[in-house]
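A.B. asks: Return a 3D structure for these sequence lines:
(chains A and B)
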Amino acid sequence: QEKVQQSPESLIVPEGAMSSLNCTFSNSASQSIWWYQQHPGKGPEALISIFSNGNKKEGRLTVYLNRASLHVSLHIRDSQPSDSAVYLCAVSMIPGGNYKPTFGKGTSLVVHP
Amino acid sequence: DPKIIQKPKYLVAVTGSEKILICEQYLGHNAMYWYRQSAKKPLEFMFSYSYQKLMDNQTASSRFQPQSSKKNHLDLQITALKPDDSATYFCASSWGGAVQNTLYFGAGTRLSVL
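C.D. replies: Presented below is the predicted three-dimensional model:
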């Protein structure tokens, strides 16, 4: 069973700052890592994914994956109050061919004006 | 317009009763899932279906039974409800079961068992 740990549990940053969120997973064979954003009362929404070691940038989001250290991070540049939400890290591998991403507990991000 | 419709949004039930949570997706996906989110716990995988066939079941209890009457429907029947079943239940879908595929979630059904 894949284990996914996220840190910090909560993060408060001023508007315009960089927000950095961390996620560690238990299995280096994990195939893909996704970051989801969840606003109160809503379902998670996919933000960005990474499948290979290294980094990937999309707009204000950058994700870094280091399989050797079983670590992935999400960085949000120029954070906005609208970025305030819970961010979920999801990791998947397919032992036996079934796709069932495992989620962490999330990081609650608050961006204050 | 929401592409994954979950009904009802809120549900209150008494211990021992039975409820059905409805999920319909209009994304044309062939894979559908149920996840549960309880307070202080991560999203927990329950079931996955592909082309209306059960692919994986991670629930320990037979009280939870998914039902797929159409390829874009995956309902969840819960019998003999217990207070511990109180949670938000999310339906999700994707294009097949490959690791590159994005999960799309509904808004959830918040179940409270008294």
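A.B. asks: Could you list the contact residues of chain B toward chain A?
C.D. replies: Contact residues (C-beta under 8 Å from any C-beta of the partner chain) of chain B with chain A: B:4, B:31, B:33, B:35, B:40-45, B:48, B:55-56, B:58, B:90, B:92, B:94, B:96-108. Placement of C-beta: from N, CA and C, glycine included.
A.B. asks: so of those residues, which ones are in strands?
C.D. replies: B:4, B:31, B:33, B:35, B:44-45, B:48, B:55-56, B:90, B:92, B:94, B:104-105 (DSSP state E).
A.B. asks: coming back round to it: which of the residues of chain B next to chain A count as buried?
C.D. replies: Neighbour-count burial (16 or more other C-beta atoms under 10 Å in any protein chain shown) is assigned, among these, to B:4, B:31, B:33, B:35, B:42-45, B:48, B:55-56, B:90, B:92, B:94, B:97, B:99, B:101-108.
A.B. asks: picking that back up, can I get the ones in strands among the residues of chain B next to chain A in TSV including pLDDT?
C.D. replies: Putting these into TSV (pLDDT from 0 to 100) gives the following:
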residue	pLDDT
B:4	97
B:31	91
B:33	94
B:35	96
B:44	95
B:45	94
B:48	90
B:55	88
B:56	87
B:90	98
B:92	95
B:94	91
B:104	94
B:105	97
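A.B. asks: Residue A:109: which of those residues is nearest?
C.D. replies: residue B:105 (18.6 Å; C-beta to C-beta).
A.B. asks: Identify the residue spatially nearest to that closest one, adjacent ones excluded.
C.D. replies: Once flanking residues are discounted, residue B:105 sits nearest to residue A:43: 3.2 Å by C-beta to C-beta, 6 or more residues apart in numbering or on different chains.
A.B. asks: Please name the residues that touch residue 75.
C.D. replies: Going with chain A. Residue A:75 is in contact with A:18, A:19, A:20, A:21, A:61, A:62, A:63, A:64, counting by C-beta atoms under 8 Å, 6 or more residues apart in numbering or on different chains.
A.B. asks: that's the wrong chain, I meant chain B
C.D. replies: B:20, B:21, B:22, B:23, B:66, B:67, B:68, B:69.
A.B. asks: just residue A:8 next, same as before
C.D. replies: Per C-beta under 8 Å, 6+ apart, neighbours of residue A:8: A:21, A:22, A:107.
A.B. asks: can you pull the pLDDT of it?
C.D. replies: Looking at residue A:8, its pLDDT stands at 98.
A.B. asks: how much space between residue B:50 and residue B:75?
C.D. replies: Distance of residue B:50 to residue B:75, given as C-beta to C-beta, to the nearest Å: 16 Å.
A.B. asks: quick one: low-confidence ranges for the chain?
C.D. replies: Went with chain A since none was named. For chain A, the stretches with pLDDT under 70 are A:94-98.
A.B. asks: look at chain B instead
C.D. replies: B:97-100.
A.B. asks: Many thanks, we can stop here.
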